Structures are given as structure tokens and as C-alpha cells.
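A.B. asks: quick one, structure for this:
(2 chains)
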Amino acid sequence: MDRRFFIQSLAAAGVMGLSARSATALSGLAEVDADTSPKFVFILLRGAMDGLAVLPPIGSPAFTQLKGRDQDYGAYTKINRDFVAHPALPFINGQVLQGKAGFIPAMAGPYRSRSHFDAQDFLELGVASKSSMRSGWMARTANSMKGNDSQNIAVALSTSMPLTLAGTDRALQWAPDTLRDYSPDTLMRIMDLYAGHDHLEAVLNTAIESNEIASGMAMNSTMNGRGNRQKQFSTLAQAAGNFLKTKDGPSMALLELDGWDTHNAQDRRLSAQLAILDAGVKALHDHLGHLWQHTCVFIASEFGRTAHMNGTSGTDHGTAGTGIVLGGDKKIAPVLGDFPSLKANNLFDGRDVKPLNNTFDVIASILNSHMGISIHEIEKSIFNKDVLSFNKYL
Amino acid sequence: MHTAFAMIRFGVGPTIKDQQDYPIAAMDWIKGQLSQSLDQTHLMGLATTKEMIKDKYELQQARKTVRMRQDKEQQTMLDPDETAAKNMQQKLSKLVRGQFTAHIKQAIKTRTPVLENMLQFWTNHLTVSAANNFVRPIVSPYVREAIAPNIKKRFQDLLWATITHPAMILYLDNQRSVGPNSRLGKRRSRGLNENLAREILELHTLGVKAGYTLSDIQGLAKILSGWTVQANPNRPHFAQTIFRSAAHEPGTHHVLGKAYSGNGEGQLKSVIKDLARHPKTALHIATKLAQHYISDQPEPAVIKPIRDHYLKTGGDLQSVTEFTFALALEQAHPFKKARSHQSYVIALFRALDIPDKFHGQALTILREMGQPMLMPPGPDGWPDTETDWITPQGLNQRIKLAERISQDLRSTDARDLVSSLFGPLLSEKTRQHVARAESPMQALTLALASPEMNYR
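C.D. replies: Numbering: from 1, shown residues only, chains lettered A, B, ... in the order given. Alright, predicted model coming up:
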């Protein structure tokens, strides 16, 4: 893979810059055509989102017995008899209640790993274990879809091409030229890394206190910092919408959002993260307008988190988490797939939610029933038979 | 002390291939490095002082023509001379930028990291700053012609080559310095310019408050008078430093209690040799070397042996540097010397093996971080301690840079990277933080923001 390397100026221009390859795509902005061909957006949440906190299974008797899970869910959105959804997802929850979106709990890829590095690779490559696979599943999908023309089929709204789209010449990558602030999670980890160092710790603290570093950080979760990340993600989501709208433009888009690794202070941090996600999905929805019904959005993380909460008001790496699917023109049930008992003897490895729904099955279902790719083709070119369980979700 | 320490402390930034040399004992590795010739592969074919001065001269002529025409109000809309002047200016700027890019590329790709570090040290000690527009075109030639060939010689050789190079003469205004009693001085009532003399005493040799007086500065200035640069392309020795006896203050001059008679090269060479060998100079240089290689506040017990060795060897820089390294191996601790921004950026590019075509961006980054390459604000060069570089603003910019690069190089495995770069010196804390990152990009950000990356 060609290692492309862009260092944007540290003095942020604040102007949306376009790479040469994307210029033609966005030039079609003026003509919003009635391109009703199916579209697919995959949002990859890096860091492992806590499925139980996003979709508390209050109907599950053992749920509130889990450490830390016994809280007041009064403000949560009731989506069916057994589940409520996190209040920081107003738009997504609204779609769910209208039958235009659904949650997939107890969802995991067929791989078993609690390493972010390995699991993200597995998720992006679409494999169940370490293999010689070098291309991402979305890249293979693009290769499957390519006709005789040379148009781009997929677009990654990132500063560099993610693994999910590695291995195709039908993908382009685009991100605006503005400098992003580093995420609160990264900043926290750097603070921890510097803790105890004679000089670095003090200097970093000064930098934060004097607002040198504006980020939605722990002590004062300034709207400023979180606002920046929210703006960034929404900008990328809008850009995705623009790409998908353009005539002869890509029909698949890939967005990423990090910051989900909530080992501590999960309540506050997850709420902030979900707000950013929700705003981005809404921005995408608003931008697609009447094309939303032709678009399917799938949101997933590399794995979920522990059923019990830990000693620092957070959770640790788990197995099954929660996915979200939205859009399309067919009714979607609020909760898809199966959900396991959360009794102690039924927890996976005695700690995690048992995985019952396969992430790749969800993707395969979307590719098949929404994007119109045959099962035969999916098995042949995109997902190896051994990584699928062949359950249908849409 | 493990060889990795020597490679990191005395070099310009670890690479993932460094491990190959771990089996070599630290001192043997050092000796091996010092016995080589400075790698200047990427500086080949760059313009000389003469070529740059010639270009500058032609630009000045072109501008003169335009100005004359403007004065006579003969200027037309599309004045071809003005366009020619502009083009020349752009060409010159591009040339200079190309040279600076070559220098940073050389640092990033050097096969002689210890010598490269020494080159940077002496370039800083004997600063000619490109912040000065006048000398900017000849800073790169200065480094290549006056400093590079002398970093392993005696200090007096290095000092002679640098203070008589056209760049230093012009940077510190010595071309204007005229002895009041010289032929030219009496005719045109011009006077001495003390700038070069002062900086030689204060910055290059004895050091601040080392016991020299105003009278010593003046004595040295008189000896230096008449040393100028031939600016006329039609005269012999164009673009070279020449001694113009008509501007030289006649007579015997005194510096630090010693008398210097005679004229021309001999007189200056004599005082330069004495200054280079002066015990205070030895102390000054020993202190700077100790600060650069051992610790921010070096102890007298560390400085004195270096000073003594300097005096014993007559200022043999190779020997003195090796002696300093040996002391560092005994006394210093890893990752206690903060990298300057320049050191950090070069180390980053080396560590990640960033492709050549992006090396020019390193210059832009350094400019934005406030340490533009070869452009310190004054002749005293850049400082060399932790509090100078690890500042709230500086640290923020480094972390932002780390994050930025990580977004673009997501396929780099940061866990392997830190292990290869720092070997046995990698702290468990950094290793763990990198291993526990929530994504490959974050892992790389943490690696590049780590204490191991920010310090040497």
C-alpha cells in the first residue's frame, strides 16, 4: 500500500481543502441528482463502545445485578419491552422509534481478541483470525461492484486510507485541511504517561490550565473542546453525504470515530462520545435528504466491554457489544437478533456478554438485501464462508 | 552503559536499524563514529559562497536599475527589468530553500550521526544566522565550507575558518570596520566596528564575563579592521575575504595583556590562536560540551576534566569530544537531555523513515514551532536546556504534530517501533501505554509524544 503522508500546516487555515482526486467528485455538488441507487455508510467506532451502556437490557433480570449497572434508567428512551436506549442519542433513538433504525445487541465479529490493534485489524479486514489477508472488506466489496468505468465506488472520510478500504483502486480518501485537536482520551493517556516525570507533567498541566490545549478534558469538560470534535465529525459526515449524493459518485462511505475506550469515568465520557456520534449521524441524514431512504448506515466497534463495571467507574475490554443500523426504505425492528442471559454462568469467559450476533453477518445482510450483491458473490469475493454464520438481519 | 544510550545521546535520533550495532561496546561504537568522515552525500552540488554572492550581486544590480528608472519616472507598467529583478529574487529564494532542505535531509539521513550532531553543535556555537537577510544566501555555504571540514580539527582551525569566512565577516559587520588611523579611516573619517571582536570574545572563545575588558575588545577590533569581503566582481578574489591594509589600524595592538604587531594575516592568526588556547576558552567550551552531552547543569567535577583535556591536547576537538563522551557514559542518565524542536523533528523523521520528498515539510514545521532551521535570532545561537524547549506551547505543538503524523501513518506498528528505537532503554511505562492504546493511530501518537522521543 502506498504510504501517503500529508502534514497539514500547524496554522490551521480553516478552509476546506480538496485533494485533486476528490475535486471532480465534489464538483457535482451543484447538481443533486435523483441517484436512487443504494448507498452504504459504515461508521467504525475505534476503542470498543460499551454495548450495555448504550442499550441497557433492563428487561434482563440479571442485568441490574451486574456491578455498576444498577442505576436509574428513567431518562433513557424505551424502545421495546426489554431495552432502553441511551438518552445521548436523540436522533438515532428517534429513528428507532419510527422504525427506521435498529440496535443489534450481543454483536461481535467471529474473531476472539481483546486487543484493540488485533481486533480492529480483524474487523477491517473481515477475517476471523490472523491471516494473509491484506485488503479490507469494503475494498473487496468495491472491487466486486466495479464495472467498466473507472469511477470511485467508495470514499473514506479520513486523513489517510483506513484498512477497511485498503486493496482497491476504486476508493478515494478525503479530509478537510483543518487541524484537529487531539482527543480527550489521547490527552488523558499522555497525561498519564507524563505523570511522575520531573518536567513534562508540570508543563503539560500548565498548557491545559492556560487553555493552550483546548480539548473537552476531564476537569472542565469545556464545550469548546468537545464542540471541536463534534464539529469535525459532523463535517466529515456531511462530506460523506455530499459524496454519496453526487452523480456517478461513490456509493459507499467510511467514517471513523475514536475515543470509546472508557476504562474510567464511563458515564460522562460515553455521553460525550454518543452526542458526537448522534450529531454526526443526524448531519449525514440531513445532508442526504430524500436519499436517506436509499442509504443504509451501519455502526460498529471492534468489540464490546465487560458486563460488570470496574473500580474506576468504567469497563474493560469485552467481547460482544452493540451495533446500530439505520436507513433504507424498509421497516427495521428496534432490536435485531438474539440476546443472551446475563447470569454469571452465561457470561462469556465469565466476564463478557456472550456474542450471539455476528458483525459480518450484519454487513453481509446489508450488502445482500440493500446493495443487491448476491450471497454467492459475497462468499466468493468479500467474506470467507468461515467468518459468516449466515443469519439475516435485514 | 549500553550502546543504545550512546547512539541516542550523541547521535541525531534513533532509527529502527540501530539494534544492529548493539553488540558493539559503547566506546568502540563511539570511536568508530569519530573515525569516519562526515556524511555529506545530500549536500553535494550545492552552490558555493562565490556563486551565491555572485547571484546576490546580480540581483542587487537589477534592483538598482529598476530604482534608477523609478527615480527618473521612466517606469512603465510591465517593466521588464522589474520583472527580471523579481524573477531573480524568486530564483535566489528558491535556491536558498533548496539548500536548507538539503541540510535537513542530510541530518535525517546521515550515516554519521555523531559527526552530524557535532556539526550542528559547532554551527550553533559559531552562529551565522539566516534570519539576517543580508547573509542568508551564504549560510549554507558557510556551514559546508567553514565548519564541516573542521569539526575534527583543533578549535583554533575551526575558529580561524569561521571568523574569516565571508559569512561571518558580513554577519557581524566587520566589512565596515575601518581603523581610524588607517589610510581610509583618515581620509573618510570612518571608524571601527566592534561587533565581530566582541562576539569572538564573548560568544566564541572566552565567554561572557570571562575577564576581558572594553580595551580588549577594541584591541581585537583593531586587529580585525581591514578584514573585509571583495564585493566587486571585476576585482580579484571576488566573493572572498580579503585583507585591505588601507583600512587596517596600524600599529601594535593589545588583547588580554599580550601585544600583537605586524600586519595582515599573521597578526590576526596569532591572536586567534592565543584566544583559542586560552584557559577561559577551554572552560567555556568544556562547559558547553558538558551541557550539550551530559546534563543541563553540569557539575564542576565534570567540566574541569574536559577543560584540562582541551588544554592538554591544544583544543583537539575530536579528542575532547571523545573525552566528553566517555564522561557521559559514566555519569549521564538516558533521556535527561531535552531535544530542541529541531532535534525532535529530525528524530521523528528518522524514526519513522519518512520518505525524502516530505523532508521539505520539516522546514515548515520548524518554522511554525519557532525554531526555523539555521535562523536563530542572534549570534548566540539556540539555547540547549530543558526549560528552553519543553514549554507549554512547544509541547502542545509537538503533541499536535505527533497526532497529525499518526493519522497519516496508521500502518506503522507503534509497539514494534518503540521497541526497535529505544531497545533496552524503553521504559515499561511507555511500552505499556503504547500497547494499551485504543487504536493504532493513538498508539503511534503516544509513542511520538513519549519522554523517550522528546528527550535524548
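
A.B. asks: spell out which parts of the stretch 51-200 of chain A neighbour chain B.
C.D. replies: A:116-117, A:120, A:158-160, A:162-163, A:179-183, A:185-186, A:189-190, A:192-194, A:197, A:199-200 (Cβ under 8 Å from any Cβ of the partner chain). The way it works is simple: take the backbone N, C-alpha and C, and place the C-beta from them, glycine included.

A.B. asks: of these, just the buried ones, ChimeraX syntax please.
C.D. replies: Filtering these down to the buried ones (16 or more other Cβ atoms under 10 Å in any protein chain shown) takes a single ChimeraX command:
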select /A:116,117,120,158,159,160,162,163,179,180,181,182,183,185,186,189,190,193,194,197,199,200
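
A.B. asks: measure how buried residue A:268 is and give me the count.
C.D. replies: Around residue A:268 there are 14 other residues, counting by other Cβ atoms under 10 Å in any protein chain shown.

A.B. asks: cool, and the one 4 residues further on?
C.D. replies: The tally of other residues near residue A:272 (other Cβ under 10 Å) stands at 20.

A.B. asks: so it, which state does it fall into?
C.D. replies: Secondary structure state of residue A:272, per DSSP: H, G, I helix; E, B strand; the rest coil, is helix.

A.B. asks: and it, what's its pLDDT?
C.D. replies: Listed pLDDT for residue A:272 reads 95.

A.B. asks: check the one 5 residues further on too.
C.D. replies: Predicted confidence (pLDDT) for residue A:277: 98.

A.B. asks: what's the answer for residue B:5, then?
C.D. replies: Residue B:5 is given a pLDDT of 97.

A.B. asks: neighbours around it, how many?
C.D. replies: Neighbours of residue B:5 (other Cβ under 10 Å): 20.

A.B. asks: near chain A, which residues of the stretch 1-150 of chain B show up?
C.D. replies: Residues of the stretch 1-150 of chain B lying near chain A by Cβ under 8 Å from any Cβ: none.

A.B. asks: inside helices: which ones of the residues of the stretch 51-200 of chain A next to chain B?
C.D. replies: Secondary structure defined by DSSP state H assigns A:116, A:117, A:120, A:185, A:186, A:189, A:190, A:192, A:193, A:194, A:200 of these to helices.

A.B. asks: what's the farthest-apart pair in these?
C.D. replies: Spatial extent of those (Cβ to Cβ) is set by the pair A:120 and A:200 at 28.5 Å.

A.B. asks: residues contacting residue B:104?
C.D. replies: By Cβ atoms under 8 Å, 6 or more residues apart in numbering or on different chains, the contact list for residue B:104 reads B:346, B:359, B:362, B:363, B:366, B:373.

A.B. asks: in helices, which of those residues appear?
C.D. replies: B:346, B:359, B:362, B:363, B:366.

A.B. asks: for burial, what's the neighbour tally of the residue nearest to the first one when sequence neighbours are not counted?
C.D. replies: Spelled out, that is residue B:346. Residue nearest to residue B:346 in three dimensions, not counting chain neighbours: residue B:107, with 4.9 Å by Cβ to Cβ, 6 or more residues apart in numbering or on different chains. By the criterion of other Cβ under 10 Å, residue B:107 has 27 neighbours.
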